[in-house]
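In: structure of the sequence below:
(chains A, B and C)
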Amino acid sequence: MSEEGYMLLQIGPQHPGSGHMRMLVKLDGDVIVDFIPDVGYVHRTVEKIAETKLYIQNIPLLEKPILNDSGNANLAYIIAVEKLLDVEPPPRAQYLRTIMAELSRIASHLYGIGILSILIGSSTGFMWAFGDREIFIHLMQMMSGARITYSYMVPGGVRRDLPDQFREEFRKAARYMRRRYKDYEKIIIKNPVTRARLEGVGVLSREKAIEWGTVGPNLRASGVAYDVRKVEPYAAYEDIDFEIAVREEGDCYARLLVRFQEIMESLKIIEQALEKIPNGKILAEKYEKMIQPRAKKLVEGTGRIKFPAIYVNLKPPKGEVFSRVESGKGEITVYLVSNGSPKPYRLRFVTPSFRNLLTFKNLIPGHRLADFPAIYGSLDYFPPGADR
Amino acid sequence: MELKERIETIVGSTGEVRIDRGNIVVEVKEPKKIIEIAKKLKAEGFDHVKSVSGVDYSDQGYFEIVYHVSSYSTPELAKAILVLKVKVPSDNPRSPSLIEIWPSVEMMERETYEMYGIIFEGHPELKRLFLPEEFEGVYPLRKSFKIKEEGIMA
Amino acid sequence: MILIGNMEEFLRRAAKWLIEKKPIRDVRDWGIHFSLWPVHLTTACCGVEFAAVSDPKYDAERFGVLPFVGPRQTNFILIEGTLTRKMARAARLVYEQMPEPKFVIAMGACAIDGGIFWNSYNIVRAHEILPVEVFIPGCPPRPEAVIQAVMKLQKKIKRGDYYYGVERED
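Out: Predicted structure coming up:
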């Protein structure tokens, strides 16, 4: 107990509800008066290490902070590098990127929904969401060969072509997920316990969301129709017809609904992308012709790119670029400064969780301690992403 | 471009406006002027900061603070990224904090302070964010802070 | 000693002597190897895969592994990836609080020797602060690998090849 009669409560890092961080909560009874997030428990100094690695080596590095949405983290960096190098990937690669990004978004949302469910005490929600996430991980594994860290996109294109069985597998997955959504509606969305714990809790007003620079579904649940895919279309989003999920309430429940809505929207996007995807190369002409003649046969036969030797010596011209991408958790921005050497001079990687940290910090005071896990879960805050 | 002209009139003689790869870059000549410019930009509709970065050019004697500003509330401005740059001398890096104008810079300015030792005057909570309190090497993102590198030479 | 009437001390020693005898020790080891309770400490991003280990597809509960609240009720700590300096202190504190016997598995390349973050200025190698029983390579390791590591640990426990608690002088 402190002098003013408040109690200081420490949550985490060893706590089921804390994730990889420590939180200091000042309590008056069970009402939170002040909240100090003690972050940095997963600060692995990505920005410094990135300055010591080649451009191509930074691809897997930047996936690690946002491990549960690595497809989009990958895309944000690659777009920045391509802007520097002035390379345009062929249309087929753009569509493949879109598919990968959307699958990654679905997996990320299911992860977020699972964590939110377990934080409000619904084990079913966790098991269902994590079980269904495996289906989309399976699809991404078919595309890239890896379970979580895809490193699917490379400067100028993608690493692998679409496997033959993918369309069939995706059709099954989409049918399953749509059927499953009805179950989710019954068990999670319309569940009286979920509604009681989430409705009207942690209300983030439109003005505050803008002021604090909130990103992603949290922003859209507060009535701001901002989505990078619409504002500054990248990959193949320009040719695809989709809607942004926006809600006005701004509470935890609205954030959950936005995530579900985005999952359904992502299924539509992938379906369209699979329909419209053109035939052709998956790597830009500039790099394709540099592939060793011996490896070319393999590339044509299997649809898997053997990296041309130029990748170890990518030297973008002097300059600086800024790229933004809408990931599952929100906007990822990369600010890349090159001085003409094979390593980045400065790489600024701002993750959605880092930007949501301020929202998280400011949103908590005034609520009861029991609502704390609900708000934390609903923001889909991922500490390794925030700490980098 | 119409937006560029609008920003040019806002900035006036306090800075330099140019276009770099689609983004409008405003180079503020003096750190003190940045508050004034930021206030006007906010009135124009730029309502949040996407990222605050420090860049170390200490071989040329300065650090650069880069603010990437954009808008949520005005759809036309949301398409644009405004890059607000200010240079501070590397031996005494000080710059006014923009927290009064854009509260969204709070954590990012704190991180820049932690990583570069740039002091943001007027920031209410300028202390370490990620690093442990007893961390001995200071300002790890400065170029003078060396870490091991891989390679044949290493 | 029984003559001077220190019954309690005698029984304690007798129990300790008995518990090290073969049949009882086997039962004890058999019991421990089915009740590995990992503590809820997610140290880094491998936690994403550890969460997948307890999901319906991989279902670690088959092996008696289910993350549990509080270090006092757990006997098993799984280092999920990188240990930063702040986190290393927390991990060590949690480890100290756990009752004996306790086991450590280090998951991921980062927990072995830093992995992709090997030259970071803010990380600690897991084996420098904790006695690791099993290392799992991979970045991140697949859930199957985590389950395999748990089974390896179980075999080790069943063999009786572990350190059981603090050794007393007597």
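In: CA only for contacts and neighbour counts going forward, please
Out: Fine.
In: residues touching C:G138, list them.
Out: Under the criterion of C-alpha atoms under 8 Å, 6 or more residues apart in numbering or on different chains, the neighbours of C:G138 are C:107-109.
In: repeat the analysis, applying 7 Å as the threshold.
Out: C:G138 makes contact with C:108-109, according to C-alpha atoms under 7 Å, 6 or more residues apart in numbering or on different chains.
In: name the helix or strand for it, please.
Out: For C:G138, there is no host helix or strand (DSSP states H and E).
In: next, give phi and psi for it.
Out: Main-chain torsions, C:G138, degrees, to the nearest 10: phi 130, psi 160.
In: how far away is it from A:L257?
Out: To A:L257, C:G138 is 35 Å away according to C-alpha to C-alpha, to the nearest Å.
In: around chain A, pick out the residues from chain B.
Out: Chain B has residues B:47-49, B:51, B:53, B:55, B:72, B:78-79, B:102-104, B:107, B:129-131, B:141, B:149 near chain A, with proximity defined as C-alpha under 7 Å from any C-alpha of the partner chain.
In: strands - which of those land there?
Out: Among these, DSSP state E puts B:48-49, B:51, B:53, B:55 in strands.
In: make TSV out of those residues and add pLDDT, distance to chain C and neighbour count.
Out: As requested, these are exported to TSV (pLDDT from 0 to 100; distance: C-alpha to the nearest C-alpha, whole Å; neighbours: other C-alpha atoms under 10 Å in any protein chain shown):
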residue	pLDDT	distance to chain C	neighbour count
B:H48	88	29	24
B:V49	90	27	26
B:S51	89	23	27
B:S53	89	20	24
B:V55	90	19	21
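In: nearest to A:P308 among these?
Out: Nearest to A:P308, judged by C-alpha to C-alpha, of these is B:V55 at 31.7 Å.
In: chain neighbours aside, what residue packs nearest to the residue in chain B that chain C sits nearest to?
Out: Minimum separation of chain B from chain C (C-alpha to the nearest C-alpha) falls at B:K148, amounting to 5.6 Å. Excluding the flanking residues, the one nearest B:K148 by C-alpha to C-alpha, 6 or more residues apart in numbering or on different chains is C:N119, at 5.6 Å.
In: and the gap between that neighbour and C:R125?
Out: 11 Å.
In: between these two, who's got more neighbours?
Out: C:R125 (21 against 18; other C-alpha atoms under 10 Å in any protein chain shown).
In: tell me the contacts of that one?
Out: Neighbour list for C:R125: C:83, C:111-114 [criterion: C-alpha under 7 Å, 6+ apart].
In: quick one: which of those residues sit in helices?
Out: C:111-113 (DSSP state H).
In: by neighbour count, which of those residues wins?
Out: Counting neighbours by other C-alpha under 10 Å, C:A111 comes out on top of these with 27 neighbours.
In: residue contacts, that residue?
Out: Applying C-alpha under 7 Å, 6+ apart, the residues near C:A111 are C:79, C:81-83, C:125-126.
In: redo that, cut-off 6 Å
Out: Applying C-alpha atoms under 6 Å, 6 or more residues apart in numbering or on different chains to C:A111 gives the contacts C:81-82, C:125-126.
In: point out the residues in chain C that sit beside chain B.
Out: C:N119 (C-alpha under 6 Å from any C-alpha of the partner chain).
In: switch to 10 Å and redo it
Out: Selection of chain C residues close to chain B by C-alpha under 10 Å from any C-alpha of the partner chain yields C:84-87, C:118-122.
In: one step back: switch the contacts of C:A111 over to a markdown table; also include distance to A:A370 and pLDDT.
Out: Shown next, in a markdown table, are the contacts of C:A111 (distance: C-alpha to C-alpha, whole Å; pLDDT from 0 to 100):
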| residue | distance to A:A370 | pLDDT |
| --- | --- | --- |
| C:G81 | 30 | 83 |
| C:T82 | 31 | 86 |
| C:R125 | 36 | 86 |
| C:A126 | 34 | 84 |
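In: now the two most distant members of those.
Out: C:G81 and C:R125 (9.8 Å).
In: now the residue in chain C that chain B sits nearest to: which helix or strand?
Out: Proximity of chain C to chain B (C-alpha to the nearest C-alpha) peaks at C:N119, 5.6 Å away. Counting by DSSP H and E, there is no helix or strand that carries C:N119.
In: and for A:L257?
Out: Per DSSP H and E: A:L257 is located in helix A:252-276.
In: any idea how far chain A is from C:S120?
Out: 6 Å (C-alpha to the nearest C-alpha, to the nearest Å).
In: what comes up buried for the lengthiest helix in chain C?
Out: Using DSSP H, we find that the single longest helix of chain C is helix C:143-158. The neighbour-count check on helix C:143-158 (16 or more other C-alpha atoms under 10 Å in any protein chain shown) flags C:143, C:145-147, C:149-150, C:153-154, C:156-158 as buried.
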